[in-house]
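Trainee: model this:
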Amino acid sequence: MIIGPRTEPRGSRGFTLIELILVMVIICTVLAMAAPSLHGFFGSRRTADAASQIVALAHFASTQAVSEGRTYRLNLDLDKSTYWLTRQEGSAFVSSANEFGRVFRLPDGTTASWRTQPGDPGRDYVEFLPDGRSETATLRLTGRRGEIFDVTCPSPVERFSVVLGSETDL
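Mentor: Here you go, the predicted structure:
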């Protein structure tokens, strides 16, 4: 007995155009409902990323200060929402000659302020000394949606870290 190719009725293979359109409509509806909540998530991530970048610059400055035997500064211009590193050469502080010496900018809508205790001097930088110590400081970053991140160094021998603002207010 010779068996030929199987023949199937028309339309039994694959999906119809109507079924595909219906699935696309359902997917688009679900995405349209989820998109507004994702917008806020990505907005707050920019502020968190800026806080992490400041911590990374602080760690780099601390490491370089020890390895080179010179003082480094993490400078902040709160009015322009910018920050950058400088290193001591003689009696002056100059920008680093690498990527870390460029001027960084806070995300749009993010503000920065120093959290000070009574008696703290006004500041626009944090120093990292060749012996591995640094100045104690807390820089508060507030995003456009009110999210708060503190970049803090609680003692001269500890490293900077990011803490949620509500945790430091307790």
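
Trainee: so Thr142 sits against Asp150, correct?
Mentor: No - checked against C-beta atoms under 8 Å, the pair Thr142 and Asp150 is beyond contact range at 10.0 Å. Where you see a C-beta, it was placed from the backbone N, CA and C, and this is true even at glycine.

Trainee: the two - which one has more neighbours?
Mentor: Asp150 (20 against 17; other C-beta atoms under 10 Å).

Trainee: what about the more buried one, which SS state?
Mentor: strand (DSSP: H, G, I helix; E, B strand; the rest coil).

Trainee: for Arg145, what are phi and psi?
Mentor: The phi and psi torsions at Arg145 (degrees, to the nearest 10) take the values phi -100, psi 10.

Trainee: what does Leu76 give?
Mentor: Dihedral angles (degrees, to the nearest 10) for Leu76: phi -130, psi 130.

Trainee: that one touches Thr86, doesn't it?
Mentor: No - look at Leu76 against Thr86 with C-beta under 8 Å: they stay out of range, at 11.5 Å.

Trainee: residues shared between the contacts of the two?
Mentor: Tyr125 (C-beta atoms under 8 Å, 6 or more residues apart in numbering).

Trainee: between those two, which one's more packed in?
Mentor: Leu76 (24 against 18).

Trainee: excluding chain neighbours, give the residue nearest to that one in space.
Mentor: Tyr83 (4.7 Å; C-beta to C-beta, 6 or more residues apart in numbering).

Trainee: contact partners for that neighbour?
Mentor: Counting by C-beta under 8 Å, 6+ apart, Tyr83 has contacts Ile54, Leu57, Leu74, Asn75, Leu76, Asp77, Val103, Phe104, Leu106.

Trainee: now these in JSON lines, with distance to Thr16, pLDDT and secondary structure?
Mentor: Listed next are the contacts of Tyr83 as JSON lines, based on distance: C-beta to C-beta, whole Å; pLDDT from 0 to 100; DSSP: H, G, I helix; E, B strand; the rest coil:
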{"residue": "Ile54", "distance to Thr16": "56", "pLDDT": "93", "secondary structure": "helix"}
{"residue": "Leu57", "distance to Thr16": "58", "pLDDT": "92", "secondary structure": "helix"}
{"residue": "Leu74", "distance to Thr16": "63", "pLDDT": "92", "secondary structure": "strand"}
{"residue": "Asn75", "distance to Thr16": "65", "pLDDT": "92", "secondary structure": "strand"}
{"residue": "Leu76", "distance to Thr16": "62", "pLDDT": "92", "secondary structure": "strand"}
{"residue": "Asp77", "distance to Thr16": "62", "pLDDT": "92", "secondary structure": "strand"}
{"residue": "Val103", "distance to Thr16": "58", "pLDDT": "91", "secondary structure": "coil"}
{"residue": "Phe104", "distance to Thr16": "55", "pLDDT": "92", "secondary structure": "strand"}
{"residue": "Leu106", "distance to Thr16": "53", "pLDDT": "92", "secondary structure": "coil"}
